[in-house]
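Colleague: Fold the following.
(one chain, ligands or ions: 2)
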Amino acid sequence: MTHNKTNYIERLHKNGYRLTNQRQVILDVICQANGHTTVGEIYYRAKKFDEGIDRSTVYRSLDLFVKLRLVILGENIDGERVYELVKEDQHHHLVCTNCECDIDIDSWIVEDFYETIRKEYDFQVTKDHLMVFGICRKCSE
Ligand SMILES: [Zn+2]
Ligand SMILES: [Zn+2]
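Modeller: Residues are numbered from 1 along each chain as shown. Ligands and ions are numbered 1, 2, ... in the order given. Down below sits the predicted model:
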């Protein structure tokens, strides 16, 4: 497990929340997925650790984690919501809609893009997680 429990507890506490067992299970499950994972997957895996977890607990916890920026919200090629643990650095993906491979975009490329948007439109991009869909090199050959 790469995630740091102390950070979670601290961030939850600061905002007046506790790290309940069920919240812990849900965070662990997202961490184990090591990438993007859907609500369905989270629910299915969390259930194995704690029979008492129901869907609404999963939804409520995910909303809370996103609000507190413990978890990033994205979407997969089906437009379904996916969740992922927040990492130290910002990261961005190129996702192939054919083979579903996932390539990291160098963050300077995205920062340059955001900077251009700021200059041209006076618009401050606040999203620190970009997912771009398309066709990868292998699939277009
Ligand atoms: Zn991501
Ligand atoms: Zn591909």
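Colleague: Got phi/psi on Ile53?
Modeller: Backbone geometry at Ile53, expressed as degrees, to the nearest 10, gives phi -80, psi 130.
Colleague: Kindly report the same for His129.
Modeller: phi -150, psi 110.
Colleague: interface residues of the chain facing ligand 2?
Modeller: Applying Cβ under 5 Å from the ion, one finds that the chain approaches ligand 2 through 96, 98-99, 136, 139. (Each C-beta comes from the backbone N, C-alpha and C, glycine too.)
Colleague: Please enumerate the strands of this structure.
Modeller: Along the chain, the stretches classed as strands by DSSP state E are 37-38, 71-75, 81-85, 92-96, 102-105, 131-134.
Colleague: Same list (those) but as a markdown table, adding mean pLDDT, distance to Asp28 and mean neighbour count.
Modeller: A markdown table is the format used below for the strands of the chain (pLDDT from 0 to 100; distance: least, Cβ to Cβ, whole Å; neighbours: other Cβ atoms under 10 Å):
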| stretch | mean pLDDT | distance to Asp28 | mean neighbour count |
| --- | --- | --- | --- |
| strand 37-38 | 94 | 12 | 18 |
| strand 71-75 | 91 | 12 | 17 |
| strand 81-85 | 93 | 10 | 19 |
| strand 92-96 | 93 | 23 | 18 |
| strand 102-105 | 91 | 22 | 13 |
| strand 131-134 | 92 | 24 | 14 |
